[in-house]
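Chemist: I need the structure of the sequence given here:
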Amino acid sequence: MTAQAEVNPFVAGLAGRCPACGEGHLFDGFIKVTERCEACGVDLTPFGAAEGPAVFIILIVGTLMGFGALITEVAVAPPVWVHLIIWLPLTCILCALLMRPLKGVMVASQYRNKAAEAGRHDL
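Modeler: Residues are numbered from 1 along each chain as shown. As a prediction, the model looks like this:
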């Protein structure tokens, strides 16, 4: 096998590509990580990001929506139903849009750092 250039985990993760070769698909579905890369055959099952991306999404989207709602309330003082119509759908949309790229970055970073989920043998 020939030596290949090292794949940037952020670029591979954001693009949804294999963290080993940068060519194969990382996901099998919306956010389910594929078991093996179709291009290089690397096993990706130990690199399940679990709830890691959700934590970052909560922090990012929560900050943006919280400050947005606060600024809107101070500047315009709309009724509560206007806040619900604006911020609730926007929160859901942003969470859905960020889940796949952030999970890809998390899985690619785990692969790059040779990290895997702790198993029974690690205790």
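Chemist: report the buried residues of the strand or helix carrying residue 70.
Modeler: Under the criterion of DSSP states H and E, residue 70 resides in helix 52-75. Within helix 52-75, the residues scored as buried using 16 or more other C-beta atoms under 10 Å are 52, 53, 54, 57, 61, 65, 69. All C-beta atoms are positioned from the backbone trio N, CA, C, and that covers glycine.
Chemist: farthest pair in those residues?
Modeler: Within the buried residues of helix 52-75, 52 and 69 form the most distant pair, 26.1 Å apart (C-beta to C-beta).
Chemist: for the worst-scoring helix or strand of the chain on mean pLDDT, list the C-alpha coordinates in CSV.
Modeler: Lowest by mean pLDDT, DSSP states H and E among the helices and strands of the chain is helix 9-15, with a mean of 90. Below are the C-alpha coordinates for helix 9-15, written out as CSV (Å, rounded to 0.1, in the frame of the first residue of the first chain):
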residue,chain,number,x,y,z
PRO,A,9,-10.1,15.5,10.4
PHE,A,10,-12.1,18.8,10.3
VAL,A,11,-12.3,18.8,6.5
ALA,A,12,-13.1,15.1,6.3
GLY,A,13,-15.7,15.4,9.1
LEU,A,14,-17.4,18.5,7.7
ALA,A,15,-17.6,16.9,4.2
